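A.B. asks: With the input below, show me the fold.
(one chain, ligands or ions: 2)
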Amino acid sequence: MGSETTVRLPVIDFSKPDLKPGSAEWDSVRANVRQALEEFGCFEAKFDKVPVEIRKGIFSALEELFDLPLETKLRNSSKKPFHGYVGQYPQVPLYESMGVDDANIMENVKSLTNSFWPQGNQTFCKTIQSFSEQVSELDETIRRMVLESFGLEKYMDEHMNSTNYLLRVMKYKGPQTTETKIGLHAHTDKNIVTILFQNQVEGLQVQTKDGKWINAKPSPDSFIAMIGDSFYAWTNGRLYSANHRVVMTGNEARYSAGLFSIPKGGYIIKAPEVLVDEKHPLLFKPFDHVEFLGFYYTEAGQRAQSALNTYCGV
Ligand SMILES: O=C(O)CCC(=O)C(=O)O
Ligand SMILES: [Fe+2]
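C.D. replies: Numbers count the residues shown, from 1 in each chain. Ligands and ions are numbered 1, 2, ... in the order given. Below is the predicted model of the structure:
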């Protein structure tokens, strides 16, 4: 499964009460965010704004959801690949996932909830929506810090307004053996920022630039924040978008929830001019994320070493 390392992901604390733009605290966290994303494309975020009842409740909600009969789960359908129910794939037999578009907005969560439980399910609905809304604040903070760190404040509104949030929830069955089995194959995310939250069952591994695998071991109040290919491209390669995968052992199921900020269709991702110079030649031609995803899910896109390079590499 490739060589592992005892290196740990950087841990960055977002829980400090005086973490406000402009404060000394903010500047110091911002420097750490920039450094971690350049080096690993990823870090562990301590973030206590999500109340403990939501942090615990999310896993009860996921168990309840994945315990529904398959025919009910299939009601989670979407025209967009990987936004609806995914499961029962022979290549990833342990893996199942579902998606909630704009999960920070109550109306969306309500209609999905009602499609699963026609009589309603208030607890589920509230938990999913609050979780997404609170985690979206962490996503915004990270993106704000990145843009500031490059002196790109003038792009802030455009950047924030050009994305939607998708909540994807995952279940990985325990393989019921002592051998390690693949839960999800190595990939880079294709979006802007991904923020992952998991139950106590570990399995996420992130690959370093020199090819070693780091075991992510987040504490119960920590999230894993990660850069996707679109942010990598927008920063003209200044931030790193890491390969990662899930490996499973033992009997227990791993549940995780990921909030993905995703560029809207029609929005052209183009590195700001100040990030392009002699030392940093332009890496990617401007592209539309939805069209790029279309390519990624073709056979050629799946075969490519880097779908982004093949699609729009200069
Ligand atoms: O379950 C996890 O922690 C990782 C999931 C993941 O990498 C993805 O959905 O893109
Ligand atoms: Fe991923």
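A.B. asks: OK, now which residue of this structure is nearest to ligand 1?
C.D. replies: Ser256 (3.6 Å; CB to the nearest ligand atom). Where C-beta positions appear, they are placed from N, C-alpha and C, glycine not excepted.
A.B. asks: how near is that residue to Tyr232?
C.D. replies: Distance, Ser256 to Tyr232, using CB to CB, to the nearest Å: 22 Å.
A.B. asks: how about the nearest residue to the residue of the chain closest to ligand 1, chain neighbours excluded?
C.D. replies: Among residues not flanking Ser256 along the chain, Gln198 sits closest, at 4.2 Å (CB to CB, 6 or more residues apart in numbering).
A.B. asks: Who are the contact partners of that neighbour?
C.D. replies: Applying CB atoms under 8 Å, 6 or more residues apart in numbering, we find Gln198 in contact with Leu204, Pro218, Ile224, Arg254, Tyr255, Ser256, Ala257.
A.B. asks: Show me which of those has the smallest pLDDT value.
C.D. replies: Minimum pLDDT for those is recorded at Pro218 (93).
A.B. asks: so is the closest residue in space to that one that isn't next to it in sequence in a helix, a strand, or just coil?
C.D. replies: For Pro218, ignoring the flanking residues on the chain, the nearest one in space by CB to CB, 6+ apart is Glu44 at 5.3 Å. What DSSP: H, G, I helix; E, B strand; the rest coil gives for Glu44 is strand.
A.B. asks: How about Phe197?
C.D. replies: Of the three states, Phe197 takes strand under three-state DSSP.
A.B. asks: who does it bridge with?
C.D. replies: Beta bridges link Phe197 to Ala257, judged by DSSP bridges.
A.B. asks: wait, doesn't Arg55 sit right on Pro220?
C.D. replies: Yes: using CB atoms under 8 Å, Arg55 is in contact with Pro220, at 7.1 Å.
A.B. asks: and these two? which has more neighbours close in?
C.D. replies: It is Arg55, of Arg55 and Pro220, that has more neighbours when counted by other CB atoms under 10 Å, with 17 against 11.
A.B. asks: Give the rounded mean pLDDT of stretch 13-22.
C.D. replies: Per-residue scores along stretch 13-22 average to 91.
A.B. asks: Restricting to C-alpha, output that stretch in PDB.
C.D. replies: Taking Å, rounded to 0.1, in the frame of the first residue of the first chain, the C-alpha atoms of stretch 13-22 are listed here in PDB:
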ATOM      1  CA  ASP A  13      -6.200  26.000  16.200                       C
ATOM      2  CA  PHE A  14      -9.200  28.000  15.000                       C
ATOM      3  CA  SER A  15     -10.900  27.900  18.400                       C
ATOM      4  CA  LYS A  16      -9.200  31.000  19.900                       C
ATOM      5  CA  PRO A  17     -11.900  33.500  21.000                       C
ATOM      6  CA  ASP A  18     -10.000  36.500  19.500                       C
ATOM      7  CA  LEU A  19      -9.600  35.100  16.100                       C
ATOM      8  CA  LYS A  20     -10.900  38.100  14.200                       C
ATOM      9  CA  PRO A  21      -9.500  39.500  10.900                       C
ATOM     10  CA  GLY A  22      -6.900  42.100  11.700                       C
END
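A.B. asks: in that stretch, what's buried?
C.D. replies: By 16 or more other CB atoms under 10 Å, the buried positions in stretch 13-22 come out as Phe14.
A.B. asks: Show me the contact partners of it.
C.D. replies: Residues contacting stretch 13-22 (CB under 8 Å, 6+ apart): 25-26, 29, 45-49, 138, 141, 144, 148, 221.
A.B. asks: Let's see that with 6 Å instead.
C.D. replies: Identification of contacts with stretch 13-22 by CB atoms under 6 Å, 6 or more residues apart in numbering yields Glu25, Trp26, Ala45, Lys46, Phe47, Asp48.
A.B. asks: Most neighbours among those, which one is it?
C.D. replies: Most neighbours among the contacts of stretch 13-22, by other CB under 10 Å: Ala45, with 27 neighbours.
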